[in-house]
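J.: Kindly return the folded structure for what I paste below:
(one chain, ligands or ions: 1)
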Amino acid sequence: MKTVLIGVGQAGGKLTRELADFDSRMGFEAVLGTLAVNTAEADLQELPFETVLIGQDRVKGHGVGGDNELGAEVMQSDSQEVLASLEGRITAEAEAIFVVAGLGGGTGSGGAPVLVKELKRIYDVPVYALGVLPGRNAGAMYQVNAGRSLKTVAREADSLLLVDNDAFRSSGESLGEGFDAINREIAQRVGLLFASGEAVEGVGESVVDSSEVINTLRSGGVAALGYASGESADTAEGNINTVMSTTRRALMTGTSLPEASRADAALLVVAGVPDQIPRKGVERARRWLEDETGSRQVRGGDFPLQSDRIASLVLLGGVERSDRLQQFMERAKEAQKAAETEKQRGDPAEAWQNDELEDLL
Ligand SMILES: Nc1nc2c(ncn2[C@@H]2O[C@H](COP(=O)(O)OP(=O)(O)OP(=O)(O)O)[C@@H](O)[C@H]2O)c(=O)[nH]1
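T.: The predicted structure follows:
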């Protein structure tokens, strides 16, 4: 799927760079172009592709400090500049646009939904978002921001591919090192998804096509992506159980949104050396996915790749009813309530004006 990437905010820019690096390292050529947009000048300076600094009149290149309403406002007022920078980049070859952002901060959280909406007014290709949820340990502001942004971007985008930062975190790393590791995990999974349908070697009937990715995401809402790999045997027969177990792990422990397994639609992509991909194993894994997701729309396809491993990539479309997402929305609502209480407490004048304490006389 030939894709144009637009990173918004710091996490968005870093992830876009990681995705573009993975694509070029693997020689996939699925990433057609990249652009990064931010309110913080320093974050843009580190990126090796074209960038647009927005909101200079309001924040003078210093970022919006977690204020996602301000992030949305500056994206709205400077959207023409961003759209102008994209001209010529979204060519007839482009099959999708991805707006990439961390949903917990200010610029990405507020700016991504606005940009998605603007892009959808102009372009005919699907406009997707790749959004990062803050982990459980991130502060209340991040949870509230992400809750509001998630709701909006899921409504505006053709689909929101969601990544939970807690899904890939391993212990003992600093926050920065942790993010770099998470970004590499995301880039590998999402990079393979972009490249699905791009493979030229050994093109056959069973090879996955970009339209299958688009059809799986067609129901809109929230999507998730799972991945797992195992050592490949020399023959297809020897890989029947491996494909079953990588598919199981991809859904159960390898997904970008843990515990999201009920879905409206799914796509199973099996990557490996073409004559080592077992038809029987793929079919069995696809049927297992139908049972687990409760969906009758489970597509399947191969991704020919020269590798000594065999991998399952599972794309789930329409996972908004999953427990994990409900839990997150609860977390965001509670954080919002706590912030409101704190605000009232913080303003001494309120204590004199409200009716919580009755007057004596
Ligand atoms: N996966 C991942 N998450 C990140 C990274 N950097 C930040 N985050 C998370 O993304 C969220 C948003 O952070 P940023 O992208 O730094 O914020 P921003 O959009 O630039 O907004 P402002 O700094 O307020 O202008 C936070 O919830 C962080 O937890 C990263 O490199 N990778």
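J.: C-alpha from now on. contacts and neighbour counts both.
T.: Will do.
J.: What residues does the stretch 1-150 of the chain have near the ligand?
T.: For the stretch 1-150 of the chain, the residues in contact with the ligand (C-alpha under 6 Å from any ligand atom) are 9-12, 14, 63-67, 102-109, 134, 142.
J.: quick one: which of those sit in strands?
T.: Per DSSP state E, strands hold the following members of these: G102.
J.: Report the contact partners of S210.
T.: 1, 196-198 (C-alpha atoms under 8 Å, 6 or more residues apart in numbering).
J.: Of those residues, which belong to strands?
T.: Going by DSSP E, the strands hold none of the contacts of S210.
J.: who does the helix or strand containing A167 touch, helix- and strand-wise?
T.: For A167, the host element (DSSP states H and E) is helix 165-168. Counting contacts by 3 or more C-alpha pairs under 8 Å, 6 or more residues apart in numbering; DSSP states H and E, helix 165-168 packs against helix 175-195.
J.: Could you list the alpha-carbon positions for the helix it packs on in PDB?
T.: Output of helix 175-195 as PDB, limited to C-alpha atoms (Å, rounded to 0.1, in the frame of the first residue of the first chain):
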ATOM      1  CA  LEU A 175      11.600   6.600  29.200                       C
ATOM      2  CA  GLY A 176      13.600   7.800  26.200                       C
ATOM      3  CA  GLU A 177      15.100   4.300  25.600                       C
ATOM      4  CA  GLY A 178      11.700   2.800  26.100                       C
ATOM      5  CA  PHE A 179      10.100   5.100  23.400                       C
ATOM      6  CA  ASP A 180      12.900   4.200  21.000                       C
ATOM      7  CA  ALA A 181      12.300   0.500  21.500                       C
ATOM      8  CA  ILE A 182       8.500   0.900  21.200                       C
ATOM      9  CA  ASN A 183       9.000   3.000  18.000                       C
ATOM     10  CA  ARG A 184      11.100   0.200  16.500                       C
ATOM     11  CA  GLU A 185       8.400  -2.400  17.300                       C
ATOM     12  CA  ILE A 186       5.700  -0.200  15.800                       C
ATOM     13  CA  ALA A 187       7.700   0.500  12.700                       C
ATOM     14  CA  GLN A 188       8.300  -3.200  12.100                       C
ATOM     15  CA  ARG A 189       4.600  -4.100  12.300                       C
ATOM     16  CA  VAL A 190       3.200  -1.100  10.600                       C
ATOM     17  CA  GLY A 191       6.000  -1.100   8.000                       C
ATOM     18  CA  LEU A 192       5.100  -4.700   7.100                       C
ATOM     19  CA  LEU A 193       1.400  -3.700   6.800                       C
ATOM     20  CA  PHE A 194       2.400  -0.900   4.400                       C
ATOM     21  CA  ALA A 195       4.500  -3.300   2.300                       C
END
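J.: mind listing the helices for the stretch 101-250 of the chain?
T.: 107-122, 140-156, 165-168, 175-195, 210-216, 240-252 (DSSP state H, counting those that start in this stretch).
J.: Tabulate those helices in TSV, adding columns for mean pLDDT.
T.: Listed next are the helices of the stretch 101-250 of the chain as TSV, based on pLDDT from 0 to 100:
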stretch	mean pLDDT
helix 107-122	98
helix 140-156	95
helix 165-168	89
helix 175-195	91
helix 210-216	95
helix 240-252	97
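J.: Quick one: closest of these to P304.
T.: helix 175-195 (10.5 Å; C-alpha to C-alpha).
J.: related to what we said a few turns ago, by neighbours, which of the contacts of S210 wins?
T.: S196 (28 neighbours; other C-alpha atoms under 10 Å).
J.: Identify the residues contacting it.
T.: 1, 208-210, 269, 303.
J.: which one of those residues sits closest to L44?
T.: Once C-alpha to C-alpha is applied, the member of those that ends up nearest L44 is M1, at 26.6 Å.
J.: doesn't E93 make contact with that closest one?
T.: No: applying C-alpha atoms under 8 Å as the test, M1 and E93 come out as separate, 9.5 Å apart.
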